[in-house]
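Enquirer: The sequence and its predicted three-dimensional model are supplied below.
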Amino acid sequence: MTVQNIVVVIVFGLVVGWLASLIVGGGSIVKYIIWGLLGSVLGGIIVPAAGINIDLGHPLVSTIAVSTIGAVVLVLVARLIA
């Protein structure tokens, strides 16, 4: 993985985490990145497993939507545990 790929992943995690925080409530920039990265993985697993096909016309937009769903689920589960 190149430095450019790592930067893209971190920026993507930040955007997804920020979107999740808008839906479920605040957090710090570090939390945004962590929730976004972990949520992306979780969304990539649970959305297809649920048989949901999200097609919003552009692959990047669809990926952001799936990742945001995963991040929101992750934040809500973490809040239930805490």
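Expert: Received the coordinates, thanks. Numbers count the residues shown, from 1 in each chain.
Enquirer: Could you tell me the average pLDDT over the host helix or strand of Val61, please?
Expert: Using DSSP states H and E, Val61 sits in helix 59-81. If you average the pLDDT over helix 59-81, you get 89.
Enquirer: same for that helix, what does it pack against?
Expert: helix 3-24, helix 29-49 (3 or more CB pairs under 8 Å, 6 or more residues apart in numbering; DSSP states H and E). Quick note: C-beta positions are derived from backbone N, CA and C, even for glycine.
Enquirer: contacts for it?
Expert: 12, 15-17, 19-21, 23-24, 35-36, 38-47, 54-56 (CB atoms under 8 Å, 6 or more residues apart in numbering).
Enquirer: one more time with 10 Å
Expert: 12-13, 15-25, 27, 31-32, 34-48, 50, 52-56, 58 (CB atoms under 10 Å, 6 or more residues apart in numbering).
Enquirer: Same check on stretch 31-47?
Expert: Outside stretch 31-47, the residues that touch it by CB under 10 Å, 6+ apart are 9-21, 24, 26-28, 52-54, 62-75, 77-78.
Enquirer: What count of nearby residues applies to the residue lying closest to Tyr32 once chain neighbours are set aside?
Expert: Spatially, and ignoring its direct neighbours in sequence, Tyr32 is nearest to Gly17 (3.2 Å; CB to CB, 6 or more residues apart in numbering). Using other CB atoms under 10 Å, Gly17 has 29 neighbouring residues.
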